[in-house]
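In: quick one: sequence and predicted model below, then my questions.
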Amino acid sequence: MQTTVLIVLFAAILLASLLAAPRRASVDGFFGGLGVRGRAPGLWVLVLSQVTTWIFARSLMNAAILGYYYGIAGTLAYAAYYGSFLSGGFIVARLRAGGARSMQDWLAARFGPVGTGCYNLVIALRLLSEVFANLLVVGLIFNAVLAGSGTGAILIVAALGLAYSAWGGLSAALRTDVVQMLVFLVVFGLAFMALITSPGFDLGAVVTASGASGAYNGWVLLVVAALQVFSYPAHDPVMMDRGFIADEATTKASFLHAFWISTLCIIGFGFFGIQASLTGAAYEGELIGTWAAMFPPWVFVALMVSLLVSALSTLDSALASAARLVVEELRLAPRTLTGGRVAMLGFMVAGTALTLWGNATLFDAVAVSGTASMFLTPVLIVGLVMRREVALWGYLVAFGAAALGAFAYFARSWAMFAAVLPEGHKYEQLLVICLVVLGVGFAGVLAAMRRG
């Protein structure tokens, strides 16, 4: 019964998203998010779009899984990444104050095509990771509720998500984000109320929980998040794109509101993982199987709908940013609706292929992406905040260190990396990698800083 209800509800949300997409598409709306009358989005459209594209399915699952294993420390560690709205808002304000229209615009003025090429490579990988990781959650959910249905569900969601995304681009993403976020808040709110009013729930136990594996590695991960949180938003094209489509006052307010709303949602979802560990429930199917056994059917369905809505909302926004990257930044296709739609198709096909090929470690995608972005920390602090000029070679030193660090974490089991990384948990290794990346990056950028 719950499988039928879940499918019907998700189908209704898909239909509502298709209906919410604009009937007419323009080039400026497709790439710049302007409405039919050429107007920029209002404050709460921007806020809801920012939130729903950042509390995507992968993030919700990560918060819950980290909560299960490392208690409140794990959930807080993941929630710390949502400080990116504060650092991202700061970066956007500085860029706009200097006359830049995007991160690429600022980088091109200082480091030329090589600088933007390095950056575009990182954000292209980021967008691919967003597509595949959210489709992966769709597959996990449907395999859990109906054995063997995961692949079919992935293909259907990919096709339908592409359909309405390709119709209206960024303007469609903004409009459907509002619908999807409102659905998410209602459905998740009901599930959360059921959790905290259940007889076995103890808030004191949750906020002091150490998790199934102890809290230590959660605190280690919190330090990692603190090291990555400045550069992390700058390499996220979905957030950066939304920083340049409304006036400065609206944009600043949208980042502040998105910060507290998304942080509360992530911590709230993490509570479901913490509660599972407190009850002694066995970890099953990335917690999906665990929750199916723990909660009444309607609560389980509400959680799954929350995850599916968040996956869908991220897909359209990632595709809209992919179209802008390919067309406006890389200029690999003409600035037309067809050019943007072809770019979307390419990213969706590649992301779906990665999902079906399948690396199911959700956090690794975030960790690799976050580590790769860390070359931007010294570059932005010295170049944007301190307003000092940096030679290209210093930028490349920082980029090379971050790229090598990201690959080292991804391939940490390889003999060549295992020989130099300290023995210990993977998050301890990630912390060491991040410290080395920042150390080398700052050394290179400061050495390349032009005096006078």
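Out: The structure has been received and is ready for your questions. Numbering: from 1, shown residues only.
In: burial count for Leu438?
Out: Other residues near Leu438 come to 22 when the count uses other CB atoms under 10 Å. C-betas here are computed from N, CA, C, even on glycine.
In: all helices for the stretch 151-300 of the chain, in order.
Out: Residue ranges of the helices in the stretch 151-300 of the chain, as given by DSSP state H, counting those that start in this stretch, are 203-207, 216-228, 237-242, 248-278, 288-294, 297-324.
In: could you do the stretch 351-452 of the chain as well?
Out: Counting by DSSP H, counting those that start in this stretch, the helices of the stretch 351-452 of the chain are 362-372, 376-380, 392-410, 415-418, 426-447.
In: can I get the ones you listed in a markdown table including mean pLDDT and distance to Phe192?
Out: A markdown table is the format used below for the helices of the stretch 351-452 of the chain (pLDDT from 0 to 100; distance: least, CB to CB, whole Å):
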| stretch | mean pLDDT | distance to Phe192 |
| --- | --- | --- |
| helix 362-372 | 72 | 21 |
| helix 376-380 | 98 | 34 |
| helix 392-410 | 95 | 33 |
| helix 415-418 | 90 | 41 |
| helix 426-447 | 96 | 27 |
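In: deepest of these, which one?
Out: Among these, ranked by average contacts under mean count of other CB atoms under 10 Å, first place goes to helix 376-380 (a mean of 27).
In: got the contact list for that helix?
Out: Helix 376-380 is touched from outside by 91, 119, 230-231, 234-235, 390, 395, 398, 438, 441-442, 444-446, with contacts defined as CB atoms under 8 Å, 6 or more residues apart in numbering.
In: which one of those is nearest Ile72?
Out: Phe230 (23.8 Å; CB to CB).
In: my guess is that closest one contacts Ser87. True?
Out: Yes: Phe230 lies in contact with Ser87 (CB atoms under 8 Å); the separation is 4.9 Å.
In: the two - which one has more neighbours?
Out: Neighbour count, other CB under 10 Å: between Phe230 and Ser87, Phe230 has more, with 24 against 20.
In: could you check the pLDDT of that one?
Out: Phe230 is assigned 96 on the pLDDT scale.
In: export only the CA atoms of the host helix or strand of Phe31, formatted as CSV.
Out: Take DSSP states H and E as the rule and Phe31 turns out to sit in helix 27-32. Extracted in CSV, the C-alpha atoms of helix 27-32 (Å, rounded to 0.1, in the frame of the first residue of the first chain):
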residue,chain,number,x,y,z
VAL,A,27,16.6,33.1,-24.2
ASP,A,28,17.0,35.6,-21.3
GLY,A,29,14.7,33.6,-19.1
PHE,A,30,16.4,30.3,-20.0
PHE,A,31,19.9,31.5,-19.1
GLY,A,32,19.2,34.5,-16.8
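In: check which helices and strands that helix is in contact with.
Out: With contacts defined as 3 or more CB pairs under 8 Å, 6 or more residues apart in numbering; DSSP states H and E, the packing partners of helix 27-32 are helix 150-196, helix 297-324, helix 337-357.
In: how about the shortest one: buried residues?
Out: What that stands for is helix 337-357. Of all the residues in helix 337-357, those buried under the rule 16 or more other CB atoms under 10 Å are 337, 339-348, 350-352, 354-356.
In: ok, stretch 173-188 next?
Out: Quick answer for stretch 173-188 (16+ other CB under 10 Å): 173-181, 183-185, 187-188.
In: likewise for stretch 39-56?
Out: Neighbour-count burial for stretch 39-56 flags 40-41, 45-56 (criterion: 16+ other CB under 10 Å).
In: Phe375: which of the contacts of helix 376-380 is nearest?
Out: Nearest to Phe375 among the contacts of helix 376-380 is Ala398, at 4.0 Å by CB to CB.
In: my guess is that closest one contacts Gly444. True?
Out: Yes: shown here, Ala398 and Gly444 form a contact pair, counting by CB under 8 Å, at 5.3 Å.
In: look up how far Leu48 lies from the residue positioned nearest the centre of the chain.
Out: Nearest to the mean C-alpha position of the chain, counting by CA atoms, centre = their mean, stands Trp54 at 5.0 Å. Separation of Trp54 from Leu48 (CB to CB, to the nearest Å): 11 Å.
In: circling back: would you turn the helices and strands packed on helix 27-32 into JSON lines with mean pLDDT and distance to Asp28?
Out: Shown next, in JSON lines, are those (pLDDT from 0 to 100; distance: least, CB to CB, whole Å):
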{"stretch": "helix 150-196", "mean pLDDT": "89", "distance to Asp28": "9"}
{"stretch": "helix 297-324", "mean pLDDT": "89", "distance to Asp28": "12"}
{"stretch": "helix 337-357", "mean pLDDT": "90", "distance to Asp28": "11"}
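In: so which of those helices comes closest to Ile274?
Out: Closest of those to Ile274 is helix 150-196, at 10.1 Å (criterion: CB to CB).
In: go ahead and measure how far that closest one is from the middle of the chain.
Out: Distance of helix 150-196 from its chain centroid, counting by CA atoms, centre = their mean, to the nearest Å, is 14 Å.
In: tell me the angle that helix makes with helix 297-324.
Out: 120 degrees (axes from the mean of the first three to the mean of the last three CA atoms, to 10 degrees).
In: tell me what helix 150-196 is packed against?
Out: So helix 150-196, by 3+ CB pairs under 8 Å, 6+ apart, packs with helix 2-20, helix 27-32, helix 43-54, helix 103-145, helix 248-278, helix 297-324, helix 337-357.
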